[in-house]
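S.K.: With the input below, show me the fold.
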Amino acid sequence: MKFADVFKLSIPVFMGYFPLGIAFGILANTLNVSTFIAVALSALAYGGAAQFMMISLFSVGTSFFEVFIVSYLVNLRHTFYALSLLKEYKGLKFRLFNIATLTDETFAIFKSLKISDLNERSYVFTWLNFLSWLYWLSGTIFGCVAGNLITIDMSGLEFSLTALFIVIVIEMFKNERNFKVLGAAVLFGILGVMLLPTKILLVGSMGLCLLFLTAFKDRL
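M.R.: Residues are numbered from 1 along each chain as shown. Modelled structure (predicted):
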């Protein structure tokens, strides 16, 4: 497979990552997060939705420990991605880089590719992961610059995090219409708002959901 072929595979990723990276850069600017910190997060954390969550939580004074826990839970799915790609990653060149830059979209592409040759698989995986990372980073840089230049009122842009997760929940519910799980999530969210302090609201609500799912996993 040539580079042009890998680039074609990356175009759908670009269509999602670059605009969302711009939104992240603008949001960081709106929340008075420095360009250096925003770009460093995109370059090193490369967390997608988790990055929106991180800067939003930091902006309201959430502790580092709570942000770490929530970020881990949000990205816990990557553990299962890695397990399902053990065969494809065996003997892969630049394996640590490919592990660190694996995302939902590249995972989906990798699982659809049937490349038996190890050298070709290393080439495709590495370039696709690198291009995807570059799209996200470039979008963040562009968003930070644009955020400094745009003078319109962007108050409320931080709601993009909430909107993003609402869309994710809707898409997940469309794929698996489990009213019990959805109802439990809504219930514990409401109870969290009513009973828990603001600084532990998110972690506490997710903890209650986790306990519920563990206790009633066979009935859901």
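
S.K.: quick one: low-confidence ranges for the protein?
M.R.: Within the chain, the ranges that satisfy pLDDT under 70 run 150-165, 167-168, 171-172, 175-176, 199, 202, 220.

S.K.: Can you give me the buried ones in the longest helix belonging to the chain?
M.R.: If you go by DSSP state H, the chain has its longest helix at helix 118-149. Within helix 118-149, the residues that count as buried by 16 or more other C-beta atoms under 10 Å are 121-144, 147. Where C-beta positions appear, they are placed from N, C-alpha and C, glycine not excepted.

S.K.: cool, and stretch 174-185?
M.R.: Buried, per 16+ other C-beta under 10 Å, within stretch 174-185: 181, 184-185.

S.K.: Sort out for me which of those are in helices.
M.R.: Counting by DSSP H, the buried residues of stretch 174-185 place 181, 184-185 in helices.

S.K.: gap between Asn32 and Phe142?
M.R.: In this view, Asn32 and Phe142 are 19 Å apart by C-beta to C-beta, to the nearest Å.

S.K.: scratch that, Phe64
M.R.: 28 Å.

S.K.: With Leu92 instead?
M.R.: 31 Å.

S.K.: And the strands in the protein, which stretches?
M.R.: Counting by DSSP state E, one finds no strands in the chain.

S.K.: which residues in it form helices?
M.R.: Going by DSSP H, the chain shows helices at 3-30, 35-40, 49-59, 64-74, 77-84, 86-89, 95-100, 104-112, 118-149, 160-175, 179-195, 201-215.

S.K.: now the fourth one: how far from the chain's centre is it?
M.R.: To tie it back to what came earlier, the one meant is helix 64-74. 13 Å (C-alpha atoms, centre = their mean, to the nearest Å).

S.K.: could you give the angle of it to helix 201-215?
M.R.: 40 degrees (axes from the mean of the first three to the mean of the last three C-alpha atoms, to 10 degrees).

S.K.: tell me what helix 64-74 is packed against?
M.R.: Applying 3 or more C-beta pairs under 8 Å, 6 or more residues apart in numbering; DSSP states H and E, we find helix 64-74 packed against helix 49-59, helix 201-215.

S.K.: What count of nearby residues applies to Gly21?
M.R.: 25 (other C-beta atoms under 10 Å).

S.K.: And the chain, split by domain according to the record?
M.R.: Domain assignment for the chain by automatic domain parsing gives 3-149, 158-219.

S.K.: Pick the most deeply packed of these.
M.R.: domain 3-149 (a mean of 16; mean count of other C-beta atoms under 10 Å).

S.K.: Can you give me the distance of Pro19 to Phe179?
M.R.: From Pro19 to Phe179 the distance is 33 Å (C-beta to C-beta).

S.K.: Can you tell me how far the residue lying farthest from the centre of the chain is from Asp104?
M.R.: Distance from the C-alpha centroid of the chain, by C-alpha atoms, centre = their mean, peaks at Asp117 (30.2 Å). With the distance defined as C-beta to C-beta, Asp117 ends up 25 Å from Asp104.
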